[in-house]
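S.K.: Pasting the sequence and the predicted model now:
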Amino acid sequence: MKKIAILLVTCLAIASCKSDDEGGSEPILGNLTLDFKNVIENTDIELGTNTYTNGSAENYKISELKYIISNIVLINDNGEEFKYPVDQSYFLVNEEVSTSKSIPLSDIPSATYTKIRFGIGVDQSKYPIESGTANFIPTAEEAGMLWNWSAGYKFIKFEGTFGDADTPFLIHVGSHGATLDNYKEVTLDLSSNVIVSDSATASIGISADIAKIFDSTNTHSLVEKSDIQVDPENAPKIAENINTMFTVTAVFN
Amino acid sequence: MYISIILIGASCSSDKDEYVPIVENNTLEFKVPANFPEPTYNVSLNPPTEKGFELGKKLFYDGRLASDGVVSCGFCHIQDFAFTHHTHIVSHGVDGAIGTRNAQPLHNLAFMKEFTWDGVATHLDLQPIIPITAEVEMNETFSNVISKLEKEPAYVTLFAQAFENKKIDSENMLKALSQFMIMMISSNTKYDRIERNEGSVFTEEEVAGFELFTSKCATCHAGTLFTDQSFRNNGLAIDPQYNDIGRKRITGLEEDQYKFKVPSLRNIELTFPYMHDGRLRTLMDVMDHYSDGMTDSETLDPMFKDENGTVTGIPMTAIEKEQIIAFLKTLTDDVFLNDNRFSEF
């Protein structure tokens, strides 16, 4: 610890010297918040009460919606990428917990960013410990986002009821073993540039159009299949749909 | 020789503890046996150290990892039987819970690509999540385990000695368990000594058995690890009690129905009962299954059928079976089974 402290002091000393010499070219760090909103037809979803209709004309209610956001990368106006430290880059968005929808990122190099990229779920190729994902296990486990019979994460947990009889539906998408990998990354253009600086916390509003889980690249009917877990046919289609549901709606500097 | 060096190293550093606050944490040598393939585990990313190994071993034998404080990893993985649950058909868990599959031996894990009978764990570091959290095994949560460990001064010290960030967390816990497990290499059988030209020789019966094994069994039980690490249906009749669909549980694919991982045959003499559900008691029962006991199904491995689709199994005479078993017994590794480094006490 002492060593690290000394190292840090040395670094800082060097850094401050340098910035004096070069006129402040050293990175200034700032904060950025990602604000997720889960919507259907541009309105925040409501768990339990509201009835929605999917593209297959099926009525449904949502009881639970959780998903994992990971591997956040910011891309600046020069096309350079800033990769948020991977071991701190796993977040659980839970519709029920409003604080979970606001993801605070810190120590981001000050720059003008034009794009954001993130993963939905956990990258299977990086499951092993070197990625730093292991410390996400307790969070995922407490939220029921870990399949206890398998060493894998549920990337999304989307549950509710549908039809007149309130039949339960259950959609859990994840990766299993070495053959079924449903991890996906999405790159979004920012509606306007986000300027990260040390003077204010910028924020990016990201909207997730939950209706697209059923209807986007693929169409999914709950009457046809209402329980999607380890499903090599339907889970990849749902994963493709989920990959299209995010848009950047606002940027605050 | 190597063991004694470690022991001396360990005792020196613990002596020093009394006087010097800084404890040396020497790296342990991970040595690939001359007749082994390269490990699949990337040892450079989690190099075993004296303290990491010690911590991993302590965790392995600690009931705190289970909800009842009793069922440790070592409960079902007993060293004397190559880390299997001796005579238990399927694994036992907390509160008398009974699992559905036979506890597999633990050895040479650093050389395996996928873990458990159906390959659900694709990395050794993540495998322990399954038994720790499974209701029918240790039925515990990581948060609980961590808070239990934080209360133990011995763990606070060991985590701090083993890892630079000194933290008691899931990552360090899994890393330590892997450090312990990758060191569990079984490579000192009679077979190994012959393969490495170290002076041992097969008996006549073993030679005959080895030749039969090579022609009849080694397609799947291939190489020096005695597994091609594939998943296959070997014609076990479906047990309605478990109705275990095998690898299909992981892939969801019909073609993977009733397929299970081809197990290594090292230490097979001691890892009875056999098969994923422990249904076969003896090695002769296993031979009888392959010669006469197979049940046909859509996914039965085609090598067990003739060109007309008739199930042939592996034809063997009674003498041939005895000879193959004699060869299989040359895969027992007494050095490994008695290696104090891996023992609970």
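M.R.: Looks like it arrived, so ask away. Numbering: from 1, shown residues only, chains lettered A, B, ... in the order given.

S.K.: quick one: contacts for residue 190?
M.R.: This is for chain A. A:Leu190 is in contact with A:Tyr113, A:Thr114, A:Lys115, A:Ile116, A:Ile204, A:Val248, A:Val251, counting by CB atoms under 8 Å, 6 or more residues apart in numbering or on different chains. Every C-beta, even on glycine, is put in place using the N, C-alpha and C of the backbone.

S.K.: nope, chain B
M.R.: B:Lys190 makes contact with B:Ser200, B:Phe202, B:Thr330, B:Leu331, B:Thr332, according to CB under 8 Å, 6+ apart.

S.K.: circling back to that earlier point, which members of the contacts of A:Leu190 occur in strands, if any?
M.R.: Using DSSP state E, the members of the contacts of A:Leu190 that fall in strands are A:Tyr113, A:Thr114, A:Lys115, A:Ile116, A:Ile204, A:Val248, A:Val251.

S.K.: Kindly indicate which of the contacts of B:Lys190 lies nearest chain A.
M.R.: Minimum distance to chain A across the contacts of B:Lys190 is 27.0 Å, recorded for B:Leu331 (CB to the nearest CB).

S.K.: Make sure that closest one is actually in contact with B:Phe226.
M.R.: Yes: with contacts counted by CB atoms under 8 Å, B:Leu331 reaches B:Phe226, the gap being 6.9 Å.

S.K.: so what's in contact with those two at the same time?
M.R.: Residues touching both B:Leu331 and B:Phe226 (CB under 8 Å, 6+ apart): B:Leu265, B:Arg266.

S.K.: Just the buried subset of the contacts of B:Lys190, written out for PyMOL, thanks.
M.R.: Burial among the contacts of B:Lys190 is assessed by 16 or more other CB atoms under 10 Å in any protein chain shown; the matching PyMOL selection reads:
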select buried, chain B and resi 202+330+331+332
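
S.K.: how about the residues of the stretch 151-300 of chain B near chain A?
M.R.: B:Asp169, B:Ser170, B:Glu171, B:Leu174, B:Lys175, B:Ser178, B:Arg247, B:Arg249, B:Ile250, B:Thr251, B:Gly252, B:Leu253 (CB under 8 Å from any CB of the partner chain).

S.K.: Columns neighbour count, secondary structure and pLDDT on top of those, output as JSON lines?
M.R.: Listed next are those as JSON lines, based on neighbours: other CB atoms under 10 Å in any protein chain shown; DSSP: H, G, I helix; E, B strand; the rest coil; pLDDT from 0 to 100:
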{"residue": "B:Asp169", "neighbour count": "19", "secondary structure": "coil", "pLDDT": "95"}
{"residue": "B:Ser170", "neighbour count": "24", "secondary structure": "helix", "pLDDT": "94"}
{"residue": "B:Glu171", "neighbour count": "22", "secondary structure": "helix", "pLDDT": "93"}
{"residue": "B:Leu174", "neighbour count": "28", "secondary structure": "helix", "pLDDT": "96"}
{"residue": "B:Lys175", "neighbour count": "24", "secondary structure": "helix", "pLDDT": "96"}
{"residue": "B:Ser178", "neighbour count": "27", "secondary structure": "helix", "pLDDT": "97"}
{"residue": "B:Arg247", "neighbour count": "26", "secondary structure": "coil", "pLDDT": "94"}
{"residue": "B:Arg249", "neighbour count": "18", "secondary structure": "helix", "pLDDT": "89"}
{"residue": "B:Ile250", "neighbour count": "28", "secondary structure": "helix", "pLDDT": "88"}
{"residue": "B:Thr251", "neighbour count": "23", "secondary structure": "helix", "pLDDT": "89"}
{"residue": "B:Gly252", "neighbour count": "21", "secondary structure": "coil", "pLDDT": "89"}
{"residue": "B:Leu253", "neighbour count": "16", "secondary structure": "coil", "pLDDT": "92"}
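
S.K.: Tell me the helix or strand right after the worst-scoring helix or strand of chain A on mean pLDDT.
M.R.: For chain A, using mean pLDDT, DSSP states H and E, the weakest element among its helices and strands is helix A:2-22, scoring a mean of 41. As assigned by DSSP states H and E, the chain's next helix or strand after helix A:2-22 is strand A:29-40.

S.K.: what's in contact with that following strand?
M.R.: Here strand A:29-40 has contacts from A:44-45, A:52, A:65, A:69, A:72, A:74, A:93, A:95, A:101-110, A:116, A:194, A:196-211, A:249-250, using CB under 8 Å, 6+ apart.

S.K.: Drop anything exposed from those residues.
M.R.: A:45, A:52, A:65, A:69, A:72, A:74, A:93, A:95, A:101, A:103, A:105, A:108, A:116, A:194, A:196-197, A:201-211.

S.K.: And the helices in the chain, which stretches?
M.R.: All of this refers to chain A. Counting by DSSP state H, one finds helices in chain A at the ranges A:2-22, A:137-142, A:234-242.

S.K.: My question was about chain B, not that one.
M.R.: Along chain B, the segments classed as helices by DSSP H run B:2-17, B:50-60, B:73-76, B:129-133, B:142-150, B:153-162, B:170-182, B:190-195, B:204-216, B:248-251, B:283-292, B:318-328, B:334-337.

S.K.: residue ranges with poor pLDDT in the chain?
M.R.: Just going to use chain A. The model of chain A has pLDDT under 70 over residues A:1-25, A:125-132, A:148-149.

S.K.: that's the wrong chain, I wanted chain B
M.R.: In chain B, residues with pLDDT under 70: B:1-22.

S.K.: Taking the centroid of it, which residue is nearest it?
M.R.: Nearest to the geometric centre of chain B sits B:Leu106, at 2.2 Å (CA atoms, centre = their mean).

S.K.: Among the contacts of strand A:29-40, which lie within strands?
M.R.: A:44, A:52, A:65, A:69, A:72, A:74, A:93, A:102-109, A:116, A:194, A:196, A:202-209, A:249-250.

S.K.: rewinding a little: okay, among the residues of the stretch 151-300 of chain B next to chain A, which ones form the most distant pair?
M.R.: Across those, no pair lies farther apart than B:Asp169 and B:Leu253, at 35.6 Å, counting by CB to CB.

S.K.: Provide a list of residues in contact with the closest residue to A:Gly30 other than its chain neighbours.
M.R.: Nearest in space to A:Gly30, with sequence neighbours left out and distances taken as CB to CB, 6 or more residues apart in numbering or on different chains, is A:Val196 at 4.1 Å. Listed by CB under 8 Å, 6+ apart, the contact set of A:Val196 reads A:Gly30, A:Asn31, A:Leu32, A:Leu74, A:Ile108, A:Pro109, A:Ser110, A:Ala111, A:Tyr113, A:Ala202.
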